[in-house]
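> okay, predicted coordinates and the sequence, questions at the end:
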Amino acid sequence: MNTATAATRVRSRVALASIAVAAIAALAACTDDTPEPSPSGSGSSSATASSAPAFVPSDQSAKVLAATLPAVQGSAKGTVGKQPATLNVAEVRATAGGTLLTFWFSGAQAAPLGDQGEKSWENQPTLVDVAGKKVYEPFTFTHSRGETYCLCTDAAYARGDAQPRTIYYPALPDTVTTVEVRQAGFDKPISVPVTR
């Protein structure tokens, strides 16, 4: 390759790059944005335009700090994480789209809930319609990494302080008024009324 030809190509590329940069700068300078209104307050307001924000924040700390646990509808003694514990069921609420169980474990000593976590959906409580002879397991979904999770809240430990949890199940028929909540490690099922 000739040195003169190589130099000509380099100059051509530099010239093209310079033209491209100049064109981008010219386009950036040519916008048809309207200028911001002056902050002097000389503008007028429209009666149809709302100046109030759509969401008005308010202090909810008193309500949150005064929150109490829901009443326990039934409980059973058993083991969780190889530690003695109590399973407390607060509510089984049925809606047209599904059923929500609210519950928590409590115990004198902290017991890990790794086997009852969100990735261990098969170890979660089941809802049993005794009259209809049907067992309801939690709804699940597959995470983008390929792991299956239950549609539920999670807790790491069962301990003295209650950590209420919720699990979402398929919808119960309208005729079901009572279900049994069953959990591995707890011999006695907990019979609770269905709230609608």
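Okay, I see it. Residues are numbered from 1 along each chain as shown.
> quick one: mean pLDDT for stretch 166-180?
Summarised as a single mean, pLDDT over stretch 166-180 is 97.
> and for stretch 100-111?
According to the model, stretch 100-111 has a mean pLDDT of 83.
> low-confidence ranges in the protein?
For the chain, the stretches flagged by pLDDT under 70 are 1-52, 108, 110-120, 156-160.
> mind listing the helices for it?
Listed from the start of the chain, the chain has helices (DSSP state H) covering 3-29, 61-65.
> what's in contact with stretch 125-144?
By CB atoms under 8 Å, 6 or more residues apart in numbering, the residues outside stretch 125-144 that reach it are 87, 92, 98-99, 101, 103, 121-122, 124, 148-152, 167-170, 172-173, 175-176, 178-183, 189. In this view, the C-beta of every residue, glycine as well, is placed from N, C-alpha and C.
> buried residues of that stretch, list them for me.
Residues of stretch 125-144 classed as buried: 125-129, 136, 138-140 (neighbour count, 16 or more other CB atoms under 10 Å).
> alpha carbons only: can I get that stretch in PDB?
What follows is stretch 125-144 as a C-alpha-only set of coordinates in PDB (Å, rounded to 0.1, in the frame of the first residue of the first chain):
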ATOM      1  CA  PRO A 125     -49.900 -25.100  55.000                       C
ATOM      2  CA  THR A 126     -52.700 -26.600  52.900                       C
ATOM      3  CA  LEU A 127     -56.400 -25.700  53.000                       C
ATOM      4  CA  VAL A 128     -58.700 -28.700  53.200                       C
ATOM      5  CA  ASP A 129     -62.400 -28.700  52.200                       C
ATOM      6  CA  VAL A 130     -63.400 -31.700  54.300                       C
ATOM      7  CA  ALA A 131     -66.900 -31.900  53.000                       C
ATOM      8  CA  GLY A 132     -65.900 -31.400  49.300                       C
ATOM      9  CA  LYS A 133     -62.900 -33.700  49.800                       C
ATOM     10  CA  LYS A 134     -60.500 -31.200  48.200                       C
ATOM     11  CA  VAL A 135     -57.000 -30.000  49.200                       C
ATOM     12  CA  TYR A 136     -55.800 -26.500  48.100                       C
ATOM     13  CA  GLU A 137     -52.100 -25.800  47.800                       C
ATOM     14  CA  PRO A 138     -50.500 -22.400  47.400                       C
ATOM     15  CA  PHE A 139     -50.400 -20.600  44.000                       C
ATOM     16  CA  THR A 140     -46.800 -20.700  42.700                       C
ATOM     17  CA  PHE A 141     -44.800 -19.000  40.000                       C
ATOM     18  CA  THR A 142     -41.500 -19.700  38.300                       C
ATOM     19  CA  HIS A 143     -38.800 -17.100  38.900                       C
ATOM     20  CA  SER A 144     -36.700 -15.900  35.900                       C
END
